[in-house]
Each structure stands twice: as structure tokens, then as C-alpha cells.
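Enquirer: What follows is a predicted protein model with its sequence.
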Amino acid sequence: MKIDESLPLEYSTEENRLKILGFWIFLGAEIALFSTLFAVYFALENRFGTGPSAQEIFHMPPVMIETILLLTSSFTIGLGIHAMRLGLKKAMMTFFVITLVLGLGFLGVEIYEFVTYVNEGATIQTSAFLSSLMTLLGTHGLHVTFGLFWGTSILLQVRKRGLTPQTANKSFIFSLYWHFLDVVWIFIFSFVYLKGLMVL
Amino acid sequence: MESHEQQFLILNEPMIVGAMISIVVGALSILLGLTYFKKWGYLWREWITTVDHKKIGVMYILVALVMLFRGGVDALLMRGQTAMPENGLLDAQHYNEIFTTHGVIMILFMAMPFIIGLINVVTPLQIGARDVAFPRLNSVSFWLFAAGAGLFNISFIIGGSPDAGWSAYFPLASLEFSPTVGNNYYSLSLQIAGLGTLMTGINFVVTILKMRAPGMTLMKMPMFTWSVLITNVIIVFAFPVLTVALALMTMDRQFGTKFFAMQDGGMDMLWANLFWVWGHPEVYIVILPAFGIFSEIISTFARKNLYGYKSMVVSMVAISLLSFVVWAHHFYTMGHGVMVNSIFSITTMAIAVPTGVKIFNWLLTLHKGKISFTTPMLYSLAFIPIFTIGGVTGVMLAMASADYQYHNTMFLVAHFHYVLIPGTVFAVIAGFHFWFPKVFGFRLNEKLGKLAFWFITISFNVAFFPLFILGLNGMTRRMYTYSESTGYGPLNMLSFIGAVGLGIGFIILVYNLYWSIRYSPRDETGDPWDARSLEWATHSPVPVYNFARVPKIKELDAFWFAKKNNQPLSDGPYEPIHMPSNSGMPFLMSGAFFAAGFCAVFSWWIPAIVFTIAIFVFMALRSFEQDHGYYISVEEIERTERELGGDKE
């Protein structure tokens, strides 16, 4: 395997470069996936039948907490990749752990939010609006959940094997994924919650 | 009808029981044969665990041929049922199931895998690469497709087939109107196969963008490779829409959500929109590689370079963009208003322009060429006029106001068969004949090939041309029977005769395969057609590493000019070649997908969750695995090259 020293570790082999491009293209597919879910949501957001409307169920405080947690985690994983490029394994691992903890916090609040909705009688079966809302949020939440497991397994590999072209590559790709989830959340925050709470 | 609803094994239809028995007997004899001839180890080592793009391609095509048989039997049953007025071969429910499975299987489990199989075999060779970018992922793609195909196909004996058409429109496909598990099979099996297709899409985009031989710029790529690149970009952006649509279908049917419901704010037309936002690009996913195949074959057997290379590329890109903005033409009559219908009419008709450009390019490539009428060339030549009929009737259907006259009639059925059969089916058969010697080292028999060609081409027209007239006379599609007074009888009988002829044509084609395996002379040259692109520059059958030395490219059709100018494509000593190692994990993981899907079909959630966890365990194992592949030594390359008849380049 040829290692190109002039490039950052995660780009240093041919295989690594292929994987990063492949992952970008995968993110392109993910954009198509979430766009479809958003389109479904926009088509159905005012079709709440006899169930509650967006204004009746959205509460800002938990959403704000989720937003702050996830945005901060995007920042900390950026710091983690920066540390990785400097070759600081320990700092990198610390930032990754912080990222995952923040992600876990996000997930906890989101679960709390869902439980609240269900307790208020707003379930996924109540109306088309709620079906589309919970599917959109749930898909994002499942991505975060998957990310928690994935990130943990990468952390274990970095701890065991150190910063090699392989582990650096995996960590970098994971960071792309995590940033992407953050971008999706920004759209959810703006076009689902803020729009839903707007009084027209 | 009632009896179909609650059964696990379908035992009330003699035809299905017969099929069930023959499947069991067939499977048992294969298992016994493998044991008797001690081939289990060979099967596991050489095929099931392989990551070699050529073998994966061959497996795709093998499954596609089996599916062609299944879909073909469905087609014959349909034409048989409608051959005479008030025929009693099938009842209404059975007829619904058969036209549904015919559509799904032919598009998703025959046309797609046949095309993806050819893409797998040919693309890395055409760009001078050793394999695809992600060989292990490629194996995952294949096995997910196989799991999806398997899951879909068992539906007719276990639980009942889907019966709401291949487009599965709501509310017909909802739990209320399709109460059997059939449409659960539909949503889950397509979901699994679709994931595999998405991975194929990513894999080939990266392969083509990053792994071309030195000197091969994008505009020096063979036309088939161009078509593959564009197709896979479409896959990447279209398949996620299907993923979402199918997930919503599963949730509506099995978790009581209200996306497409008739009450609580649901919107049944949303399904039609989502389905066709994927479905129309899907049409181009199966037709663009076909255009690529025809381009290669026409230029090879006209002994000319392809006319209008750049305009070919531009028109394919234009088609791919337009393919995403025409979806509503599938349901003009659902009532989305004049404005929307007008816009979609115009975008749809616009597609005829780049397609027309391609037709003229092929004709001008033929102009003054030294044409040799081989079997693949015959299919390509027949494609041009027949496909044009399909295209012109397509423009007729594109006009929204006119479409109200023949929407969902047999006219439509005739149109899309006139596009998909000469387009996709002729292309994959032509490509099959064309590249067969590359993979197996001998050609298929030309005489039998041509006989099959004439049977297929003539019978195709006999089978489908009458449907244009029937459609204009008012016969709607998906009608399981009709009264004699309609006067539809004679033309339907003619169509049935054509369908039987098509069946005979395919039997000759398969017989040709058998005959050629036994008797066809071996090809020593590696270039039996005197062709133009890089795949012909190496040995046939292709060694595992494809090229002993990576070729260096200076122009389009580099191999052709290397032959004419007697210049080698590469020089220098051999170097050790890095290759990916085999793995059984994709196969096992797809087994978990199959099991999870099967349990989910019947809403057995606990085992379904257990198998889903197994899928993630496989992913974790892969993440922790350290696999750096292996090297083929210089001595081994020298030995292989000697055995295959000396250095090729």
C-alpha cells in the first residue's frame, strides 16, 4: 500500500481517497432521502384531520436544547478532526467522546419530546401530519442513534490501533456523517419547528 | 377471493401447487447434485464469497435469466387468459397477481440486474481498472439484490403475491383493499434490493471517476462507460425516493400511519407522485446503458468510430436531467389541473429531442460503414426502427389532452413494451452475445443466435402491435376478461400467438447457450469481433487481475488504434498486483436481510428485530475486521500470462 506523506493521514492512500469520495456521494443520496421526507412533510403539514396541529404540540424549550446540543457536537467533532490532523490521539479521542455524549443528550431529549407528544394523544397514527412529522424526526433520530454506535466502534479502534491511515480515514468519514446530521437538523429546526410555530 | 386472504401456504390453486412442487423438486435436485459432485466448496470459494466484478456480473446475469423465465411465464399466462373472450384460465384475483409480479419482476429483477450484470463485467475492463472501487460492497450489492429477488418470488407460494399492479397505487395497495401480505412482500423485498442498487450506484460512480487508466480523460471513455456513469448518478439520486416511498407504504400497511390513507388527512396521490419521481428515472436507468451497449456494438460492426461522440454524451446528460422532471405524465388523468399537465407535457416531449439526436447518430455511424451482420448487430439494427415506433407513440401519450383518450388502455401497454423490449431487452441480449466470449472464452453460435433473433423480433411485433389497435378501440389494461361483443377477441389471439413465438425465441436462445458451451470452438485471440475498446485488449477469459500491466491511453478507441498502428498499449516490467480478498460476510448478511424481511412481511416483529440486529452485528464485524487484501506476485502473473497464451499488450 502506497502512503502519500504529503497529504493528511485520512487521504494518504488510494483506498482512503476512494472511500472519502464514495462517502460524499452517499451523502448526496442521503440528501435525496431527506429531501423526499421534507417534501412529504410539506405536502401533509396542514392535513392534521381531527388531531392536533403543529402549533398545538410544538414546544420550544426541548427543541432549543436539542439544537444547542447537536450544534455543539458538530463543533466538537470538528475540533476532534483538527486534533487528529495534529496527531494528538488523546485530544482527538476526548473530543469524540464529548461529541458522542452530546449526541446521546440530543437523543434523550428527542425521546422525551416523542413521549410528550404521545401522552398528549398525538401519535404517529393520529393524522397524516403527525405521521410525516414523526417519520422525518424519527429518520433523523435513527441516523443519530446509528452514529452513536458507529462512533463508539471507531473510538475503540483508534484506542486499540492508534492513528493509522485506516482509523484516521474512518474517523474523518464519521465526522462528515455527523456534520451532515447537523445540517439536516438545521433544516428541521427552521422549516418544521420555527415554521410550525409561526402565526400567519 | 376470500380464500386468498388468510392462507400461509397457497394450496387452493392447482397451478401454484404445481409450481411449488416443481420448485421443491428443482431445489432438492440442485442440492443433491452439488453434494454428489462435491461442488459445495467450489461454489463457496469461487462464487458465493467472490468479490471479483466479473463473477459478480455473471451471477447477476444468471439470476436475471431465471427471472426472465419467471416473468415470461407470467406474461404467457396473461396473454393466454386474454386470448379468447371470457376465458377461464385465470380468475380475476390470480390475474391481478400475475400482472403485478410480471411488471415488478421484469423491471426490477430482470432488466435492472441484467444491465447491472453487464455493467459489472464490462465497465472496469473498459476503463483499464483491476476491479471496482469497493469490491466487498459490490458483493453486498449483489447479495442484497438476490435476497430481495428471492423474497419477492416466494410470495406466490407463501402468503400470496402482491395484487395492486407494479406501481401499487394507493388506496388499492392499502391494507383495506389489499388485505393479504402480498404488498408487504412488495415493499420489503424492493426495499432490500433497492439498498443493493443504491450501493451499486455509489460504487460505479467512484470507480469511473477515480479508477480510469492513465490518460483516459472523461471524453476518451467508451460510450458504454459514459452511459454507466450517467445511469449510476441517476441511481444515486432516484433510489432514495423509492426507499422513502416503500418505507411509508410499510408504515401505512403495518403500523397504521396515515400517509396515503383516505381519512385523517392522508393523501393517496402522494404515493403516485413519490413512486413516479423514482419510477421515471428508473426507466432511464434501464434504457441509458442500453443506448451505451448499442453504441459500442454499432460502432464495432460498422467498423467506424461512433458518429457525434460529444452530442451523444450531451444528449445522455440532457435525458438524465429531464428524467427527473416528467413524472406527472404517468397520471395526467388524476386531475392536477391544466397548468401542471401542460408543464409536464412539454418536459416529456422535450425528451424526444436528445433521444432523436442519438437515433441520428447511430444512423450516421452506420452510413458508409462496412457492416457485418452478426447476432449482436442484428439486435442493434432492429432496435432502431422498433424503438422509434415506441418513441413516437410516447410523444402521442405525452400530450396531456390526447392522453385522456388512451390513458391506461392497451395503447399504453403497447407503447412501453415497444420502448422497453427493443430498448432494454434487445440491448441486454445483444450485449450478452457481444461480451459472452470475453467472459467465457468462446462465442455463442451465430446460426442459432440469428434464428432466435428472427423469432424474437417478428414475434415481438406480432405480440405487441395489435395492442396499439386494441387500445385505440378502447380495451383498457389490466382487464382479466372481456365479452365477445367487444370484438377484442381476434387481435388478442394474434397477440397470444406472438407471445408464444417470443417464448420459443427465448428457448432457442437458452438452447444456444447449452449448444455453445458444449461445441463452440474456443477463441484464442481475446478479440473475436475485432472490436475497439479496452476490454478486448486482455485475454478471454479475463484473468482475475484483468490487465497484467495497466494500459496507457492516448485517444478514444485506443485499443483500435493500437491494433492498427501495431503499438503496444503498455510496456515495462510486471509489478505485483494488489487484490481484494474474498469474504463470506456479504452472503451471510444478506441472509439476515432475507430473514428479517420475511419475518417483517408477516409482522413477526420479535424475530424480525433479532435478524435486524444480526445485520448490524455483521456491519460491526466488518468495521473491526482488518483486511488489507493480498498481492499477486510477478512470477504468478508471468505464469498466468504464459498459460493464457502470452503477453497480450
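Expert: Received the coordinates, thanks. All of these numbers come straight from a predicted model, not from anything done at the bench.
Enquirer: Find the closest residue to chain B in chain A.
Expert: Per Cβ to the nearest Cβ, residue A:47 is where chain A lies closest to chain B, at 3.1 Å. C-beta: built from backbone N, CA, C; applies to glycine.
Enquirer: That residue: what's it in contact with?
Expert: A:127-129, B:265-267 (Cβ atoms under 8 Å, 6 or more residues apart in numbering or on different chains).
Enquirer: for those residues, which one is nearest residue B:175?
Expert: residue B:266 (12.5 Å; Cβ to Cβ).
Enquirer: Can you report how many residues lie near that closest one?
Expert: 25 (other Cβ atoms under 10 Å in any protein chain shown).
Enquirer: All the helices of the stretch 501-649 of chain B, in order from the start?
Expert: Under the criterion DSSP state H, counting those that start in this stretch, the stretch 501-649 of chain B carries helices at the ranges B:558-565, B:585-601, B:605-624, B:634-643.
Enquirer: Also chain A?
Expert: Counting by DSSP state H, chain A has helices at residues A:14-44, A:54-57, A:60-85, A:89-119, A:128-161, A:165-188, A:195-197.
Enquirer: Flag every buried residue along the one helix or strand residue B:365 maps to.
Expert: Using DSSP states H and E, residue B:365 maps to helix B:337-366. Under the neighbour-count criterion of 16 or more other Cβ atoms under 10 Å in any protein chain shown, helix B:337-366 has B:341, B:344-345, B:347-348, B:350-352, B:354-355, B:357-359, B:361-362, B:365-366 buried.
Enquirer: right, and the helix or strand after that helix?
Expert: Taking DSSP H and E, what comes next after helix B:337-366 is helix B:375-398.
Enquirer: Now the residue nearest the centre of chain A. Nearest residue, chain neighbours left out?
Expert: Chain A has residue A:181 as the residue nearest its centroid, 2.7 Å off, counting by Cα atoms, centre = their mean. Nearest non-adjacent residue to residue A:181, counting by Cβ to Cβ, 6 or more residues apart in numbering or on different chains: residue A:143, 5.5 Å away.
Enquirer: Check residue A:37 too.
Expert: residue A:136 (4.7 Å).
Enquirer: tally of neighbours for that neighbour?
Expert: 21.
Enquirer: Distance check, it against residue B:434.
Expert: 47 Å (Cβ to Cβ, to the nearest Å).
Enquirer: Repeat that for residue B:86.
Expert: Counting by Cβ to Cβ - residue B:86 and residue B:434 are separated by 45 Å.
Enquirer: Got the confidence number for the residue in the stretch 351-500 of chain B that chain A sits nearest to?
Expert: Nearest residue of the stretch 351-500 of chain B to chain A (Cβ to the nearest Cβ) works out as residue B:351 at 21.0 Å. pLDDT for residue B:351: 93.
Enquirer: Sketch out the low-pLDDT regions of the chain for me.
Expert: Assuming you mean chain A. Across chain A, the ranges flagged by pLDDT under 70 are A:1, A:199-200.
Enquirer: sorry, should have said chain B
Expert: B:1-6, B:648-649.
Enquirer: Which single residue in it comes nearest to chain A?
Expert: residue B:265 (3.1 Å).
Enquirer: right, and the secondary structure at that residue would be what?
Expert: coil (DSSP: H, G, I helix; E, B strand; the rest coil).
Enquirer: Was I right to think it contacts residue A:132?
Expert: No - counting by Cβ atoms under 8 Å, residue B:265 does not reach residue A:132; the two are 9.3 Å apart.
Enquirer: Turn the helices of the stretch 501-649 of chain B into TSV, including distance to chain A and mean neighbour count.
Expert: TSV is the format used below for the helices of the stretch 501-649 of chain B (distance: least, Cβ to the nearest Cβ, whole Å; neighbours: other Cβ atoms under 10 Å in any protein chain shown):
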stretch	distance to chain A	mean neighbour count
helix B:558-565	23	17
helix B:585-601	15	22
helix B:605-624	5	14
helix B:634-643	17	14
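Enquirer: Would you mark the buried spots in stretch A:30-49?
Expert: A:30-41, A:43-45, A:47-49.
Enquirer: Just the C-alpha atoms of it, please, in CSV.
Expert: This file holds the C-alpha atoms of stretch A:30-49, laid out as CSV (Å, rounded to 0.1, in the frame of the first residue of the first chain):
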residue,chain,number,x,y,z
GLU,A,30,-28.9,11.0,1.9
ILE,A,31,-29.8,14.5,0.8
ALA,A,32,-32.2,13.0,-1.7
LEU,A,33,-33.6,10.8,1.0
PHE,A,34,-34.2,13.7,3.5
SER,A,35,-35.4,15.9,0.7
THR,A,36,-38.1,13.4,-0.1
LEU,A,37,-39.1,13.2,3.6
PHE,A,38,-39.3,17.0,3.8
ALA,A,39,-41.4,17.1,0.6
VAL,A,40,-43.8,14.6,2.2
TYR,A,41,-43.9,16.7,5.3
PHE,A,42,-44.6,19.9,3.4
ALA,A,43,-47.4,18.1,1.5
LEU,A,44,-49.0,16.9,4.7
GLU,A,45,-48.2,19.5,7.3
ASN,A,46,-51.6,21.2,7.3
ARG,A,47,-53.5,17.9,7.0
PHE,A,48,-54.0,17.1,10.6
GLY,A,49,-57.6,15.8,10.4
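Enquirer: if we can go back for a sec, how about the helices of the stretch 501-649 of chain B, which one is nearest residue A:191?
Expert: That would be helix B:605-624 among the helices of the stretch 501-649 of chain B, by Cβ to Cβ, at 30.6 Å.
Enquirer: and stretch A:106-125 with chain B, contact?
Expert: Yes - residues of stretch A:106-125 are located near chain B by Cβ under 8 Å from any Cβ of the partner chain, namely A:124-125.
Enquirer: Any buried residues in stretch B:205-217, and which?
Expert: B:205-208, B:211-213, B:216.
Enquirer: okay, how far is it across that stretch, tip to tip?
Expert: 15 Å (Cα to Cα, to the nearest Å).
Enquirer: was I right about residue B:221 contacting residue B:207?
Expert: No - taking contacts as Cβ under 8 Å, residue B:221 lies outside contact range of residue B:207: 11.8 Å.
Enquirer: list the residues that contact both of the two?
Expert: In contact with both residue B:221 and residue B:207: residue B:127, using Cβ under 8 Å, 6+ apart.
Enquirer: how far is the biggest helix by length in chain B from where the chain is centred?
Expert: Of all the segments of type helix in chain B, defined by DSSP H, the longest one is helix B:268-301. Centroid separation between helix B:268-301 and its chain, computed with Cα atoms, centre = their mean, to the nearest Å, is 10 Å.
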